[in-house]
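here is the input, now give the coordinates:
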Amino acid sequence: MKNYRAILLLAVFVLTANFGYAQTDTTKLFSEPTIYVGNGILGGKIDKDTILAYPFLSAISKDGTEWNVVSYRVTFVRNGKEDKPINVTGAGFTEQIKSLIQTAPSGTMVEFTDIRIKSIAGTRTIVAPLMVRIK
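A predicted model of the protein is given here:
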């Protein structure tokens with residue numbers, strides 16, 4: 001009878017430990033990624049050629065976790081007037097976005113929001129907007 005009790009207690013311990021591990025929020029185990037335009041633009045006043053040299057968004061964590069940009073929204077603000085937002089699937093700029101950047105006057109703000117990223121840690125939405133002002 002003592003053996004059954006010991007086995008039962010061991011089984012309960014193992015199940016409890018496994019259940020607790022399964023409930024761990026893995027998104028907190030990975031460092032928060034930084035969003036860039038291209039390979040390293042964090043925002044600020046940038047010329048069109050620099051923006052269009054690498055026409056995509058990227059997400060990189062300090063711990064080396066690889067993130068893929070799933071989707072995002074782009075809004076152009078010209079002369080104080082906000083254009084209709086453009087929804088993009090994937091990391092790359094669409095031909096429409098590239099054209100709008102190419103023809104935008106100096107001072108135009110390009111705002112990237114609702115950036116959804118995915119990795120082995122799961123999928124998340126970056127709340128803070130990334131803003132670039134065209135030189």
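
other SSEs contacting the strand ranked longest in the chain?
Criterion DSSP state E: the longest strand present in the chain is strand 66-78. With contacts defined as 3 or more C-beta pairs under 8 Å, 6 or more residues apart in numbering; DSSP states H and E, the packing partners of strand 66-78 are strand 57-60, strand 86-89, strand 109-119. C-beta here means a position set from N, CA and C on the backbone, and glycine is covered the same way.

next, give phi and psi for I97.
Main-chain torsions, I97, degrees, to the nearest 10: phi -70, psi -40.

so how far is M131 from it?
Between I97 and M131 the computed distance is 15 Å (C-beta to C-beta, to the nearest Å).

neighbour count winner among those two?
It is I97, of I97 and M131, that has more neighbours when counted by other C-beta atoms under 10 Å, with 19 against 16.

leaving out chain neighbours, which residue sits closest to the more buried one?
Nearest residue to I97 in three dimensions, chain neighbours excluded: V74, at 5.7 Å (C-beta to C-beta, 6 or more residues apart in numbering).

neighbours around that neighbour, how many?
V74 has 22 neighbours, counted by other C-beta under 10 Å.

what residues are up against it?
V74 is in contact with 85-86, 88, 93, 97, 110-112, counting by C-beta atoms under 8 Å, 6 or more residues apart in numbering.

what helix or strand is D49 located in?
For D49, the enclosing helix or strand under DSSP states H and E is helix 48-53.

let me know whether G43 touches V132 as I believe.
Yes. With contact defined as C-beta atoms under 8 Å, G43 counts as touching V132 (5.7 Å).

on that earlier part again, take the helices and strands packed on strand 66-78 and lay them out in JSON lines including distance to P33.
Output for the helices and strands packed on strand 66-78, formatted as JSON lines (distance: least, C-beta to C-beta, whole Å):
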{"stretch": "strand 57-60", "distance to P33": "4"}
{"stretch": "strand 86-89", "distance to P33": "18"}
{"stretch": "strand 109-119", "distance to P33": "6"}
